[in-house]
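S.K.: fold the following and give me the result.
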Amino acid sequence: MSSPMETNDGECRNILEDKNSYIHQYLTTVFQICLKKSPTSSTADGLHAMEDKNPIVCLNLSDVDESQLSLANYTQWVFESLMNQNIEQVTQYVDKRFLPVRGNLFNNTYRVYADDSNRVAYLFNCYCRLEFVNDFAHFISTQERMKLKRYIIDQVALIFACPYANVRYPENSSITPYTDMFQVLTQDIPWPSEYLIFLRKFFVDVTDAIHNAKNGSNTNDVDDYVSSLCDLTHEELNLEQIIKPIYDQLCKRFKTAHSLSAPFVDDIKYVNILIASPHLAEVFIDLNSPPKLRDQGNGSQNSSESSERNNASTDSNEIFRSFLMNTLSSLDLPLANGPGNLSREVSPNLERFFHESLLGILLCNSPLPSPFSKKKELPSVNILLSVFHGSEYEYSFFSYPTTKTPTEIERIELDIDDTLSKLRSNLTDVFYSLLKSPSTVRSKTLKWIECCLATFNNRSKLWANELMALVGGNTSSNTSDGFVLNFSAVLLNLCKPFCSTPYSFNSNETLSVNSKMLKVDPIYMGFSKRKDKTSTNDYAPYLEILGQESVLINVDSTPRNNNNSDATMDDSSLTSIVENDEIKFVNYQPNFITKCFFATHKALHLGFRVIHERFHQINQENSQLQRRLESLGLSSLLHYMNRDNLTPQQQEVLQRLDQNMTVTLSMKSTLVETTFINLLLEFYLATATWINNLAVCENETEAAQSFKNLELILNGEKQPTSSAKNSSAGKCLKWIPEFLVENIIDFMLFLRYFEVKPKVISLKTDLEPFLTMIVLFMGTQNRMRNPHLRAKMAEMLEALLPHVQSNIQHSFLDTLFQKQYFIDHLFPALLNVFVSIEISDETNNGDVVAFEQKFNYRRPMYIVFKYLCTVPEHQTKLKQLAAFAEHNMDSVQSPIFLRFINLLINDAIFLLDEGLSLMSKLREAQQERDSGAWTRESNQQRQQNEANFIHLGRLAKFHNFIGRDTIATLTTITDYVKSFFSHKILVDRMASMLNYFLHHLVGPNKRNFKVKQMNEYDFNPGELVKNICRIYVNLACPSSLPNNSVSDGGFNEKYEQFCLAICQDDRSYSADLLGQAYQILISKLGQPVLAEDINTVDLLVKEVMRRQRKREIPLEDIPEEFLDPLMSTIMSDPVILPGSRKVLDRATITRHLLSDHTDPYTRAPLTMDMLIPDVEMKRKIEEFVTSKLKAMDQDMDA
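M.R.: Numbers count the residues shown, from 1 in each chain. You can find the predicted model right below:
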């Protein structure tokens, strides 16, 4: 008998002649086991004989009777090797032709995973080698190769299903088949792509075998092969039980390495292994789902798991939370569904479940804190500190930002942008794989999305944003910020196929719309409020939340005729409008595009909008802190500053600024990630186009056919100059939730205030859908009944102005604003929304705009007015609106321009008067403080005085800058509209207002408003004087007179009536009033041209006054019945009020009805058409005036 070495050499030389030897070497190559020890030779002949062989390291089964592996015995010896824990490894040599190329997958011993003591790794090596081993003699049939593969798969499945049957895995050991599998899964190798391909196939084959064995399908797909899995029970073949330990290991790994870094992002590739087949994907989504989403059969088990997880999270603050919960439940709080539902709505345990699921752990990773971030060192009782002083978790980026240069900050932002983009892309791939799975997995994934949105719905409730997090035990509400924002980005990426359009480099080309947007079904929101919610394809609480959302219109409500404000609806929710549409939802199945579209908007509403709001608030505080630092003597170049010699106060403010800037920089880098922000713009453009199309379509069927040519429709829909209320509205707007429009507005304001420039804007410059939406919705309650939302659209319009929107070239927007249908509709829409936000006693409480809030809403409108008045076409439209109003002042329906001007004058009077009053009080307070009077009072009183002073200053600043903008807008309008203000309804009020404020600003009392640091309070009396004087000149100075500078806007043909009104104002006008203004313009303001114009007005007023006095009937000579009882002036057109039967001048009661639709005596409802002309009284007055003037002329002649 020859030596082992010689036997082996002989086998190789005669391998093609000896089939048994061939099969032996083939199987040795695959399984790397040998049946007897064969020592290596060190002789020259031995080395020469091995030139055509490859060395492999084999598990040596030396104590066996057989010497060769065969197709009949390999199962026995492979099983023996798996069951033997301590096997010696030896080197064997096999014919090179079996493994001609090693490739990147194997090491030099033809192993993928080096440690064969890991049983799963060993079988994975066998699986990979089987794919690569070359049957160059074709002695192994295809059927036998399939048996080999199936045997390997079955052995892995057996180890997973019955781990304790293997000596490597004793009970209660830390080493399990699942830890072995996890090691194989996460092995760090230089060529991961090829490795992951084989690992994916391997894992899918094993898990498919387990699944099929449990279900009794495809277990005998190979002839003459009986799977050993057939003998296992269903409990042993539970795939979820096998996957869960691996899932838990991945959760632990990602928690431990939870930072926004390239390795973390790269590791998401392992998650794709767990969803590589439909069976795996279903188990994966089940493991990520809370108990209520699980199948009925698994509910008990998962409820237990959830309970354990929640109990483990209970902390020492639970007693405090219980106390606070009981306290809040006893209060009358404005909760959505009452205090009794507080704990149910908050669902802290459900939020925690989503955070700690594998998908949640991945979604939580961002520059913002997460539940897995490092905790700050806070005092033991930190529940209140975390709420009132920010997150209890540390931020990973931008520590001590004031010490960094702008370049360093930018470098960090670029790194975050790149990593965050890749993270969101990888997460999108995971969700895309789940949604591309068979219907069962797809349905469960959609339910997971819906349940997630329902769980975090409280984020959108302003009253609960912080307090409810405190009560629920989630002491850092912002730990879900990163989660929700990343979730939004994933859903947004899923929307890309139907919302994204090709870039257009031709600026003149009309925006192309993705036709797939037509598949978004508007009635889905009605479906969410249907009576029957038993469908298994949807998560009922999510549909309930959607059903409670306010919608754009309620077609079942009938608007009331109200001249002061838009008609209001009784109910803005879907509850009242689905009764007649229930039949539409029989067998209704919303498509994926529809579900994805509304889910994405909901996620953005909970994520982007909430974070943007918090970002804005902290950013405002940063501005205050920076001003505070400047007042303490610190410059803006803080990163160059020596911090060793700072005062305690400087250190405190600087520390607070550092903390805040860390938060805002982290928030901003999360919000403005390049891919996200670009796609967000496309998504909102597509949304605006879709909503605009619904607005002009009769029903959802018509809207689904094609996108209408809105420019053609709006050009044909001639806008009346009186109002925009006659605009038709698409009935399917009753389904559309307001938060779709809120999202668009919020995004545009974000771009406007924080100068974010999406790269997509440089290519796609057509923002026309946004402007079209403003034209369609802002000016009419027929398409959008919420006055707050329409007022916010005005702010969005301001954000789109060419000189405001720095993100795109002015020429594109300039051209857009000059389109004919914008010219026809924009000014009327703007006037309507201005008027609609005015408080009225007749409006429903739901539509009342807070008194001070209306001024905040109107501020951006003033900027829009100013811009539109620089465009000749819009100037013409403004003049048309004014001309129409001037010829219809006494109409039953007051012209919109008249109502607008009336409110503008009201605002100017209130704001300027209140501002001056507050400045006077400030002056008194400053003088009292400077005199030392406060130092003699108690500490408590001094603190109260300081607090009152600060509050007074804030009020003064608010009224001053809003009042300044209001009077500036009035000035701009009078540049182009003249004679309108000389109408008897307005002229007296306008003139007396100008006289009153000019008297205070240039008269002897002007020093009463002078305070220290007037700029801090936005008080600029010089600018007010200039604007008021411009109005005087615009309305009381004919252009034909010399030295007049108001020729561009024409002149007031009725200037004498305005001059007369100026001089007839007994309260504020004096002969030297305009002369005092002249001196201020010359000596203080450097306005010589305007001063000469005012001098001209002064001369005209005095001339008109001189002539008037000659023909003025003394008041004591006028019978009392001829006098207007409110104004004490002789009536020219007396009318009888139907309720009180009082007689007033038509101009007086018309002016009253512009602001109040009631009888001033009885408070009964009153409108213009109810007035009764007093013909007889008018005849008597005319006869009296004629006879009196005749008598006066005769006296003068005499």
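S.K.: shouldn't residue 353 be in contact with residue 290?
M.R.: Yes: contact criterion C-beta atoms under 8 Å: residue 353 and residue 290 qualify, at 4.9 Å. For the C-beta atoms, the positions are set from N, CA and C on the backbone; glycine is no exception.
S.K.: so after the helix or strand containing residue 1056, what's the next helix or strand?
M.R.: Counting by DSSP states H and E, the element that carries residue 1056 is helix 1055-1063. Per DSSP H and E, the first helix or strand lying C-terminal to helix 1055-1063 is helix 1073-1083.
S.K.: for that next one, which helices and strands make contact with it?
M.R.: Under the contact criterion of 3 or more C-beta pairs under 8 Å, 6 or more residues apart in numbering; DSSP states H and E, helix 1073-1083 touches helix 987-1002, helix 1021-1036, helix 1088-1111.
S.K.: quick one, what contacts residue 260?
M.R.: Residues near residue 260 by C-beta atoms under 8 Å, 6 or more residues apart in numbering: 365-367, 396-397, 416, 419-420, 423.
S.K.: give me the pLDDT value at it.
M.R.: Residue 260 is assigned a pLDDT of 91 by the prediction.
S.K.: for residue 953, see how far away it is.
M.R.: Applying C-beta to C-beta, to the nearest Å, the value for residue 260 to residue 953 is 42 Å.
S.K.: circling back: hmm, which two among the contacts of residue 260 are most spread apart?
M.R.: 397 and 423 (14.0 Å; C-beta to C-beta).
S.K.: before we move on, the earlier item: dump the helices and strands packed on helix 1073-1083 to TSV, plus mean neighbour count.
M.R.: As requested, the helices and strands packed on helix 1073-1083 are exported to TSV (neighbours: other C-beta atoms under 10 Å):
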stretch	mean neighbour count
helix 987-1002	22
helix 1021-1036	23
helix 1088-1111	17
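S.K.: and those as CSV, adding mean pLDDT and distance to residue 1126?
M.R.: Listed next are these as CSV, based on pLDDT from 0 to 100; distance: least, C-beta to C-beta, whole Å:
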stretch, mean pLDDT, distance to residue 1126
helix 987-1002, 94, 12
helix 1021-1036, 95, 24
helix 1088-1111, 89, 22
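S.K.: looking at the ones you listed, which is closest to residue 409?
M.R.: Nearest of the helices and strands packed on helix 1073-1083 (C-beta to C-beta): helix 1021-1036, 36.9 Å.
S.K.: show me what the closest one is packed against.
M.R.: With contacts taken as 3+ C-beta pairs under 8 Å, 6+ apart, helix 1021-1036 sits against helix 939-974, helix 987-1002, helix 1055-1063, helix 1073-1083, helix 1088-1111.
S.K.: and the closest residue to residue 900 other than its chain neighbours, what does it touch?
M.R.: The shortest distance from residue 900 to any non-neighbouring residue, by C-beta to C-beta, 6 or more residues apart in numbering, is to residue 831 (4.5 Å). By C-beta under 8 Å, 6+ apart, the contact list for residue 831 reads 779, 881, 896-897, 899-900.
S.K.: would you map the helices across the stretch 251-400 of the chain?
M.R.: Using DSSP state H, counting those that start in this stretch, the helices of the stretch 251-400 of the chain run over 262-266, 269-273, 278-287, 299-312, 318-329, 342-346, 348-356, 358-363, 383-388.
S.K.: quick one on the thing from earlier: okay if I get the helices and strands packed on helix 1073-1083 as a markdown table plus distance to residue 211?
M.R.: Listed next are the helices and strands packed on helix 1073-1083 as a markdown table, based on distance: least, C-beta to C-beta, whole Å:
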| stretch | distance to residue 211 |
| --- | --- |
| helix 987-1002 | 82 |
| helix 1021-1036 | 78 |
| helix 1088-1111 | 87 |
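S.K.: right, and those - which one's nearest residue 101?
M.R.: helix 1021-1036 (83.3 Å).
S.K.: from residue 1025, how far off is the residue nearest to residue 1098 when sequence neighbours are not counted?
M.R.: Nearest non-adjacent residue to residue 1098, counting by C-beta to C-beta, 6+ apart: residue 1074, 3.8 Å away. Going from residue 1074 to residue 1025 by C-beta to C-beta gives 12 Å.
S.K.: residues that sit against both of those two, list them.
M.R.: What both residue 1074 and residue 1025 touch, as defined by C-beta under 8 Å, 6+ apart, is the set residue 998.
S.K.: quick one on the thing from earlier: export the contacts of residue 260 to a markdown table and tack on pLDDT, neighbour count and distance to residue 177?
M.R.: Below are the contacts of residue 260 laid out as a markdown table (pLDDT from 0 to 100; neighbours: other C-beta atoms under 10 Å; distance: C-beta to C-beta, whole Å):
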| residue | pLDDT | neighbour count | distance to residue 177 |
| --- | --- | --- | --- |
| 365 | 93 | 28 | 29 |
| 366 | 92 | 27 | 35 |
| 367 | 92 | 26 | 38 |
| 396 | 88 | 21 | 36 |
| 397 | 90 | 20 | 40 |
| 416 | 94 | 23 | 39 |
| 419 | 95 | 20 | 34 |
| 420 | 95 | 26 | 36 |
| 423 | 96 | 25 | 31 |
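S.K.: can you tell me which of the residues you listed is closest to residue 479?
M.R.: residue 366 (10.6 Å).
S.K.: so that closest one sits against residue 487, correct?
M.R.: No: with contacts counted by C-beta under 8 Å, residue 366 stays clear of residue 487, the gap being 10.7 Å.
S.K.: one step back: got the angle for the helix holding residue 1056 vs helix 987-1002?
M.R.: Interaxial angle of helix 1055-1063 relative to helix 987-1002 (axes from the mean of the first three to the mean of the last three C-alpha atoms, to 10 degrees): 50 degrees.
S.K.: by contact count, what packs against helix 1055-1063?
M.R.: Counting by 3+ C-beta pairs under 8 Å, 6+ apart, helix 1055-1063 packs on helix 987-1002, helix 1021-1036, helix 1088-1111.
S.K.: tally of neighbours for residue 436?
M.R.: By the measure other C-beta atoms under 10 Å, the count of residues near residue 436 is 13.
S.K.: look up how far residue 356 lies from the residue lying closest to residue 553 once chain neighbours are set aside.
M.R.: Distances taken as C-beta to C-beta, 6+ apart place residue 733 nearest to residue 553, at 4.9 Å, with adjacent residues excluded. Residue 733 sits 41 Å away from residue 356, going by C-beta to C-beta.
S.K.: got a list of what residue 517 touches?
M.R.: 498-499, 686, 689-690.
S.K.: so it versus residue 816, what's the distance?
M.R.: 21 Å.
S.K.: what sits against the residue nearest to residue 553?
M.R.: Each residue near residue 733 by C-beta under 8 Å, 6+ apart is listed here: 551-553, 691, 694-695, 783.
S.K.: go again with 7 Å.
M.R.: 552-553, 694-695, 783 (C-beta atoms under 7 Å, 6 or more residues apart in numbering).
S.K.: where along this structure do the strands fall?
M.R.: Ranges of strands in the chain, per DSSP state E, are 33-34, 53-60, 89-95, 1134-1136, 1143-1145, 1172-1173.
S.K.: and of those, who's closest to residue 917?
M.R.: strand 1143-1145 (30.7 Å).
S.K.: give me the helices and strands touching that closest one, please.
M.R.: Here strand 1143-1145 touches strand 1134-1136, going by 3 or more C-beta pairs under 7 Å, 6 or more residues apart in numbering; DSSP states H and E.
S.K.: the strand it packs on: how far from the chain's middle?
M.R.: Remark: strand 1134-1136 is offset 55 Å from the chain centroid, using C-alpha atoms, centre = their mean, to the nearest Å.
S.K.: stretch 600-620 too?
M.R.: 5 Å.
S.K.: can you give the contact residues for that stretch?
M.R.: Under the criterion C-beta under 7 Å, 6+ apart, residues 453, 456-457, 459-460, 481, 484-485, 487-488, 491-492, 495, 660, 663-664, 667-668, 671, 739-740, 742-743, 746, 750 lie in contact with stretch 600-620.
S.K.: show me which residues of that stretch are buried.
M.R.: The neighbour-count check on stretch 600-620 (16 or more other C-beta atoms under 10 Å) flags 600-612, 614-616, 618-619 as buried.
S.K.: re the thing from before, so which of the helices and strands packed on helix 1073-1083 comes closest to residue 1057?
M.R.: Closest among the helices and strands packed on helix 1073-1083, using C-beta to C-beta: helix 987-1002, at 5.8 Å.
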